[in-house]
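Colleague: coordinates only, no sequence provided:
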Ligand code: C5P
């Protein structure tokens with residue numbers, strides 16, 4: 001099956017040398033791409049900048065900004081059966097990129113930010129994706145309720161939710177502890193390395209795909 005995975009942070013340019021970004025390492029998405037490939041699937045990894053090696057046998061499309069990621073996803077999602085959005089897309093981007101490096105001429109500097117495109121949220125309606133859609137949610141409270149709300153709003157079949165207030169998991173860590181949030185129930189997964197968790201997630205996503213699409 002054709003599987004799309006988004007991963008990593010995005011970089012939103014302020015001027016030619018500066019950008020807004022976040023602490024995403026991309027590890028979870030890269031491990032998922034590798035695990036789908038290992039399970040015999042054809043994987044396209046659309047990734048923001050990371051220091052990771054592209055997993056063997058995975059097609060790779062590097063991007064920088066949220067807008068570039070959205071363009072890449074909308075171009076390729078039509079032929080995908082499963083799409084997993086593990087990228088930590090910046091929520092806001094500077095309203096304008098300065099053509100020249102900003103000078104530190106005043107004591108304060110105000111940046112105007114505008115919302116980035118919601119890539120996951122546009123997969124169903126705007127991009128017409130009919131396959132199995134999986135999103136991620138990093139929450140600090142009411143994990144399950146917030147994740148289920150996201151699942152419904154964005155038309156997902158599954159949200160992989162993690163509590164980012166817990167120490168030692170999630171962003172920038174090799175470990176993660178997630179709860180699988182389905183429309184009708186939650187399935188907490190034990191803390192595991194992102195490598196092992198990716199294999200368990202791939203099994204869960206494939207099972208879900210077969211249940212929903214009987215293919
Ligand atoms: O709403 P929130 O940003 O918490 O949603 C997280 C999920 O949405 C992740 O799967 C992330 O990859 C995806 N996302 C996206 N485009 C955005 C923001 C988030 O695809 N602009």
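Modeller: That came through, no problem. What you are looking at is a predicted structure, and each value in this text was computed from that prediction instead of being measured.

Colleague: mind giving me the packing neighbours of the strand or helix carrying residue 33?
Modeller: In this structure, residue 33 sits in helix 27-38 according to DSSP states H and E. Judged by 3 or more Cβ pairs under 8 Å, 6 or more residues apart in numbering; DSSP states H and E, helix 27-38 is in contact with strand 2-7, strand 42-47, strand 82-85, helix 194-213. Placement of C-beta: from N, CA and C, glycine included.

Colleague: how about these, which one is nearest the ligand?
Modeller: Set against the ligand and scored by Cβ to the nearest ligand atom, those come closest in strand 82-85, at 3.6 Å.

Colleague: what pairs with that closest one, parallel or antiparallel?
Modeller: Here strand 82-85 has these sheet partners by DSSP bridges: strand 2-7 (parallel), strand 132-139 (parallel).

Colleague: could you list the buried residues of the helix or strand following the last one?
Modeller: Later in the chain than strand 132-139, the nearest helix or strand by DSSP H and E is helix 143-153. By 16 or more other Cβ atoms under 10 Å, the buried positions in helix 143-153 come out as 143, 144, 146, 147, 148, 150, 151.

Colleague: ok, now stretch 31-39?
Modeller: So stretch 31-39, judged by 16+ other Cβ under 10 Å, has buried residues 31, 32, 33, 34, 35, 36, 37.

Colleague: in CSV, list those residues along with distance to residue 58 and pLDDT.
Modeller: What follows is those, written out as CSV (distance: Cβ to Cβ, whole Å; pLDDT from 0 to 100):
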residue, distance to residue 58, pLDDT
31, 11, 97
32, 10, 98
33, 5, 98
34, 7, 98
35, 10, 98
36, 8, 98
37, 5, 98
